[in-house]
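S.K.: sequence plus predicted model, see below.
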Amino acid sequence: MFSILSWRNPHKRRLIISYGKDWLLVIIMTVVFFMVDLIPPFHREFSVQDKSIMYSYTVNETVPAWSLVLICLLGPIVFIGLISLFIQKSVHDFHSGILGLCLALSMTIMLTDIIKITSGRPRPDFLSRCQPIADSVDPLFGVSNVTICTTPIDSHIMVDGYKSFPSGHSSFSFAGLGYTAFYLGGKMHMFDKRGHTYKCFMFAFPGLAALLVAISRTRDYRHHWQDVFIGSLLGAGIAYFAYRQYYPSLIHKQCDSPYAMRNLGESSSTNDLEVNNIRNNDYDEDDIESNGSNNSLGVRVPNHEPYSDYNQQQPIKSLGPPSNTLANGIPRY
């Protein structure tokens, strides 16, 4: 399997370039996130009488950023590595799993930060960060703005105070742990119609961990419940999207295996590829990597038999010579 990294073989070179585009997209979205994070957020007006932003500032967060990376990135990488390399014994499964995880997380942090910057919603502890001028009141026919704050506008605590919506912790945790849940559900064949309820509980464990991370943001007064709710939906949705790029549906009969490696055309060296007579763009969800295959690339040769509808009876082929008349005796023309 590691022989795929060879650059000399034309097919393998095209394969590396193809997956390299996916990794490049992950890198680009990560870079965009860091660039967007440097942009000052929109300074939304607020009321000093708004009780939803009067909570105290929590210095020590329940789940700091470093532990979030440990829980939602490094943890899933180790988990996917153990399952794919030691149980599935498939490097292709490992690569697909890690690529999907990185795609989910990079897309999530990029979209989350873009929304944060453009919405500029104050956090529940905003007034504690702002420290308004003593005896500040709202205008008679309006609300206040950032000019009444004694804390410097460009300070980190103030900039971060305008990044409430949506919750980054919630979206990141549901993206990483949600993806892990989908990966685990596929490996267990959770929807195999045999009623193994324990599989559902195991599937729910990563989601429960993500939920606890999200709830901690309301306990720390870092986010409103709407921020947590939308952030969780965003992360979970992107996690499923990223998972389906490389794995079939959880109800698929081979949901424990990733899609077969991309067929980018036949190589001149058929001995290296061992995939003669495989047509371009001839794969669908049934073309899953087979761990028991002798193919060096882990590619399963697709079945070219025509699809038959279970509700339709197949026509009976006549063994005799073709008839020149139709069933009602009318001659053919």
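M.R.: Yep, it's here.
S.K.: would you list every one of the helices in the protein?
M.R.: Chain-ordered helices for the chain, with DSSP state H as the definition, fall at 10-36, 65-69, 75-81, 91-119, 126-130, 156-161, 168-188, 197-219, 225-246, 270-273.
S.K.: with respect to I53, which of the ones you listed lies nearest?
M.R.: The minimum distance between I53 and these falls on helix 126-130, with 4.2 Å, by Cβ to Cβ. Just so you know, the C-beta spots here come from the backbone N, C-alpha and C atoms, and that holds for glycine as well.
S.K.: tell me which of the helices of the chain lies nearest to Q49.
M.R.: Nearest to Q49 among these is helix 126-130 (10.0 Å), distances taken as Cβ to Cβ.
S.K.: show the pLDDT at L103.
M.R.: pLDDT, L103: 98.
S.K.: what residues are up against it?
M.R.: L103 makes contacts with 22, 25-26, 242, 245, as judged by Cβ atoms under 8 Å, 6 or more residues apart in numbering.
S.K.: what about the residue nearest to the spatial centre of the chain, distance to P76?
M.R.: With the centre of the chain defined as its mean C-alpha position, the nearest residue by Cα atoms, centre = their mean is A239, 2.5 Å away. Shown here: A239 relative to P76, a distance of 10 Å by Cβ to Cβ, to the nearest Å.
S.K.: ditto for L211
M.R.: With distances taken as Cβ to Cβ, L211 is found 16 Å from P76.
S.K.: likewise A260?
M.R.: Separation of A260 from P76 (Cβ to Cβ) stands at 23 Å.
S.K.: higher neighbour count, those two?
M.R.: For A260 against P76, the residue with the higher neighbour count under other Cβ atoms under 10 Å is P76, and the figures read 26 against 23.
S.K.: excluding chain neighbours, what is closest to the more buried one?
M.R.: Among residues not flanking P76 along the chain, T180 sits closest, at 4.4 Å (Cβ to Cβ, 6 or more residues apart in numbering).
S.K.: circling back: make a PyMOL selection of the buried ones in the contacts of L103.
M.R.: Buried residues within the contacts of L103, by 16 or more other Cβ atoms under 10 Å, are selected in PyMOL with:
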select buried, resi 26+242
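S.K.: redo the contacts of L103 as a markdown table? Include pLDDT and distance to G185.
M.R.: A markdown table is the format used below for the contacts of L103 (pLDDT from 0 to 100; distance: Cβ to Cβ, whole Å):
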| residue | pLDDT | distance to G185 |
| --- | --- | --- |
| D22 | 96 | 23 |
| L25 | 97 | 25 |
| V26 | 98 | 23 |
| A242 | 98 | 14 |
| Q245 | 96 | 16 |
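S.K.: which of the contacts of L103 sits closest to I148?
M.R.: Taking Cβ to Cβ as the measure, V26 is the one of the contacts of L103 closest to I148, at 42.2 Å.
S.K.: list the contacts for the closest one?
M.R.: Contacts here follow Cβ under 8 Å, 6+ apart; on that basis V26 touches 99, 102-103, 106.
S.K.: please apply the same query to F46.
M.R.: With Cβ under 8 Å, 6+ apart as the criterion, the residues that contact F46 are 53, 122, 126, 143-145.
S.K.: 6 Å instead, please
M.R.: F46 makes contacts with P122, as judged by Cβ atoms under 6 Å, 6 or more residues apart in numbering.
S.K.: read off the pLDDT value for the residue lying closest to W225 once chain neighbours are set aside.
M.R.: Residue nearest to W225 in three dimensions, not counting chain neighbours: T218, with 6.0 Å by Cβ to Cβ, 6+ apart. Listed pLDDT for T218 reads 97.
S.K.: any idea how many residues pack against T218?
M.R.: T218 has 17 neighbours, counted by other Cβ under 10 Å.
S.K.: cool, and the one 10 residues further on?
M.R.: Residue neighbour count, defined by other Cβ under 10 Å, stands at 24 for V228.
S.K.: please report how far it lies from A181.
M.R.: When distances are taken as Cβ to Cβ, V228 and A181 turn out to be 18 Å apart.
S.K.: and for I133?
M.R.: Where A181 is concerned, I133 sits at a distance of 48 Å (Cβ to Cβ).
S.K.: tell me which of the two has more neighbours.
M.R.: Here I133 and A181 are set side by side on neighbour count (other Cβ under 10 Å), and the busier one is A181, at 26 against 12.
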